[in-house]
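Enquirer: Provided below are the primary sequence and the corresponding predicted coordinates.
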Amino acid sequence: MTTTATSLTGGGGEDRVLATAQQILKNLNAPKEVTEDMLLIFSSFDNRLSNITNLINGGDSKSAKDEDLDRLDAAEKIILRWDPSNSEDGCRHSFTLLDSVDDVAEYFSAVDDILRLMNQISIQPSDDSNQAMMERVENAIQLAMARLEDEFRHVLIRNTLPLDADRLYGSIRRVSLSFACNDGEIGEDFESFGEVNDRGSGWFHERGASLGDNVCVDLINPDAIVELKEIADRMVVAGYEKECLQVYSSVRRDALDECLVILGVEKLSIEEVQKVEWKSLDEKMKKWIQAVKIAVRVLLIGEKRLCDDIFGELDESTDMCFNDTAKGCIMQLLNFGEAVAIGRRSSEKLFRILDMYVALRDVLPNLENMVSDEFVIGEAKGVLSGLGEAAKGTFTEFEMAVQNETSKKPMQNGEIHPLTRYVMNYLRLLVDYGDPMNSLLECDEENLVDLQNNDGVDDSQLSNMSPLGRRLLLLITTLESNIEEKSRLYEDGAIKSIFFINNMRYIVIKVQDSELGQVLGDDWVRRRMGLIRQRHTSYLRASWSKALSCLRDEGVGGSSSNASKMALKERFKNFNACFEEIYRIQTAWKVPDKQLQEELRISISETVLPAYRSFLGRFGSQLESGRHAGKYIKYTPDDLEKYLSDFFEGSPCVLNHMKRKST
């Protein structure tokens, strides 16, 4: 008997249990009362025996309704066992039933029995007994679904994988960082021009990371998906689909919100965003750009896959569940984008706005493939359009600012004007955004006419340029005109030429060292180099004509052997005075470009030294034999060449009897 009982409790399927029980009763040939007692004993070992219909009265069958009642009784016992409200202390079995494989199998089996009974009763004729049974079934289902809902939430939360910034950023494969750094600072407005320098450690613009293929990460433990699907399937069959989806969306929305916090995206209203000062806003914009890429191409793709794995067969409901889950995350990102798009425009924001525009533009196809909510997609397209308009508007305001910059204070040392530095460094950055800018400016061609017949630019050249190329050419042409106007602020023709050369050389170098060279072309560069050479000649003429006139033969009163000593003394004296004055003034002038600086010194040397050496060779001997010869012949050609190395350093010096003294 002990062996048989052990066989019953540890046996295989239900058929084996029933067959074994029948054989035991047949062999015992016991009276009906004993048989019923035995059945009760067997039932206490295994609830599957509650379905036996022919163990009593020598194989007489129970009615189908009795069988259903037995099945209901057994299933209810299991469901009630896991109902916290049914325990003495109110907390029995409050832990998850999924902690035990046996418990979950038993519970799922009981739920399945209840669901089959519900379906079976629903197609039977309605009578009092069926109605009573249906009420019991519905009550059991309600209790079971409440438990499964808690289990579903618990499994989702417990199996959510921890995400930190390193893991989120590290999940992006084949990310290339591109730094579009200018070698100068871009001030916040034109009033900051005086603080701009080419080698400072100030502002530079860092291009956002570009994202290649989509990356999918596991948002929850993959082993938990089977359990979640088991629960979801039963809740859907029981008519609790809505509750199951709501639990899923609620838990996963919180998880996505936490990811945005990890990525540095704050929940800010539009008004709050617009009050943030620029330096802080710039940091928030950079974090937003990365968050958009990661949220859409990593998190939401993973979320979509998870949602499909659990609810994939529900189709429309699955889409609605994903939409509901993702909407909060997406809208939080879009709200920040909208706030930036409608915010105050200033030139320093353009590049970050373009980064935001490109980031949202690139992920929009992914959003459209995943999200079926027309409102959310419409909002995304609206924000993208707003960012595009903000970029165009900011660029237009920048163009107007360059055109209207009319400061009347000349640079004291003929240096590169801050406007030139600002604009050229700005354009060097802007040309890297050719793709988005060309698409944004494609229909904005009103400036094309302004370039016609300007500086030799012909129609064929314009027609071959991109929309951005035309605007860049217009901007640089405007800058050149502005520089020409500012050069007229100098009364001295020499420093006027130095100022023009400095600024034009800077423009050309910036063009040659960037993509601007490909946009504007070699002919443009050659024409500017020609202008620089012309101004170089103008500088020599304006600076050294008076000094060179002292070295002419005319007016010295005869040949080299009988020239008037008085005239020669006056000539040498005047030349010395001219050179010393030029030295005093032009050592204070600044030519930052070392190559240009050297070219100017060489041209001076080639123009002045041969004339001085020749004049000194012809007439110097007539004064060297006399008294105080050093008063008139103060410098040798080598002295002059040495002093020329002090020119254009920006440090004013004076010469006094061959001794240089800093002022």
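Expert: It's in.
Enquirer: what comes up buried for stretch 68-86?
Expert: D68, L69, D70, R71, L72, A74, A75, E76, I78, I79, R81, W82 (16 or more other C-beta atoms under 10 Å). Backbone N, C-alpha and C define where each C-beta goes, glycine included.
Enquirer: just the CA coordinates of it, formatted as CSV?
Expert: In CSV, the C-alpha atoms belonging to stretch 68-86 read as follows (Å, rounded to 0.1, in the frame of the first residue of the first chain):
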residue,chain,number,x,y,z
ASP,A,68,-16.5,20.6,-13.5
LEU,A,69,-17.3,21.3,-9.9
ASP,A,70,-14.4,19.0,-8.8
ARG,A,71,-12.1,20.8,-11.2
LEU,A,72,-13.3,24.2,-9.9
ASP,A,73,-12.9,23.2,-6.3
ALA,A,74,-9.3,22.1,-6.9
ALA,A,75,-8.4,25.2,-8.9
GLU,A,76,-10.0,27.5,-6.3
LYS,A,77,-7.9,25.9,-3.5
ILE,A,78,-4.7,26.8,-5.3
ILE,A,79,-5.8,30.3,-6.2
LEU,A,80,-7.0,31.0,-2.7
ARG,A,81,-3.8,29.6,-1.3
TRP,A,82,-1.9,32.5,-3.0
ASP,A,83,-4.5,35.2,-2.1
PRO,A,84,-2.9,37.3,0.7
SER,A,85,-6.3,38.5,1.9
ASN,A,86,-7.3,34.8,2.6
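Enquirer: and it, average pLDDT?
Expert: Average pLDDT, stretch 68-86: 80.
Enquirer: gap between that stretch and the chain center?
Expert: Distance of stretch 68-86 from its chain centroid, counting by C-alpha atoms, centre = their mean, to the nearest Å, is 56 Å.
Enquirer: sorry, back to before: take the buried residues of stretch 68-86 and keep only those in strands.
Expert: Here DSSP state E is the test, and the buried residues of stretch 68-86 give no hits in strands at all.
Enquirer: how about a markdown table for those, with distance to A140 added?
Expert: Output for these, formatted as a markdown table (distance: C-beta to C-beta, whole Å):
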| residue | distance to A140 |
| --- | --- |
| D68 | 13 |
| L69 | 13 |
| D70 | 14 |
| R71 | 11 |
| L72 | 7 |
| A74 | 11 |
| A75 | 6 |
| E76 | 5 |
| I78 | 10 |
| I79 | 5 |
| R81 | 12 |
| W82 | 11 |
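Enquirer: closest one to E241 out of the residues you listed, please.
Expert: Lowest distance from E241 to those (C-beta to C-beta) belongs to I79, with 19.8 Å.
Enquirer: so who does that closest one touch?
Expert: By C-beta atoms under 8 Å, 6 or more residues apart in numbering, the contact set of I79 is Y107, A110, V111, I114, A140, L143, A144, R147.
Enquirer: surely I225 touches D308?
Expert: No: counting by C-beta atoms under 8 Å, I225 does not reach D308; the two are 10.5 Å apart.
Enquirer: helix, strand, or coil at the residue lying closest to E580 once chain neighbours are set aside?
Expert: Spatial nearest neighbour of E580, excluding adjacent residues (C-beta to C-beta, 6 or more residues apart in numbering): L655 at 4.7 Å. The assignment at L655 comes out as strand when based on DSSP: H, G, I helix; E, B strand; the rest coil.
Enquirer: just give me the neighbour total for L655.
Expert: When counting by other C-beta atoms under 10 Å, one arrives at 20 neighbours for L655.
Enquirer: which ones are touching it?
Expert: Applying C-beta under 8 Å, 6+ apart, the residues contacting L655 are F579, E580, Y583, R584, Y643.
Enquirer: from the residues you listed, which two are the most distant?
Expert: The largest separation in the contacts of L655, counting by C-beta to C-beta, is between R584 and Y643 at 10.9 Å.
Enquirer: the two: who's more crowded?
Expert: Set side by side, R584 and Y643 show more neighbours around Y643, with 19 against 14, by other C-beta under 10 Å.
Enquirer: am I right that that one is in a helix?
Expert: Yes: Y643 sits within a helix when classified using three-state DSSP.
Enquirer: now it: how far from T636?
Expert: From Y643 over to T636 the distance is 11 Å, taken as C-beta to C-beta, to the nearest Å.
Enquirer: repeat that for M504.
Expert: 35 Å.
Enquirer: ditto for I310
Expert: Noted for I310: a distance of 94 Å to T636, by C-beta to C-beta.
Enquirer: these two: who's more crowded?
Expert: Legend: neighbour count by other C-beta under 10 Å for I310 and T636, higher for I310 (27 against 14).
Enquirer: what's next to the helix or strand hosting that one, contact-wise?
Expert: In this structure, I310 sits in helix 301-311 according to DSSP states H and E. The contact list for helix 301-311, computed with C-beta under 8 Å, 6+ apart, reads 214-220, 225, 228-229, 232, 245, 248, 252, 256, 317-318, 321-322, 325-326, 366, 370.
Enquirer: just the buried subset of those residues, written out for PyMOL, thanks.
Expert: Buried residues within the contacts of helix 301-311, by 16+ other C-beta under 10 Å, are selected in PyMOL with:
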select buried, resi 215+216+217+219+220+225+228+232+245+248+252+256+318+321+322+325+326+366+370
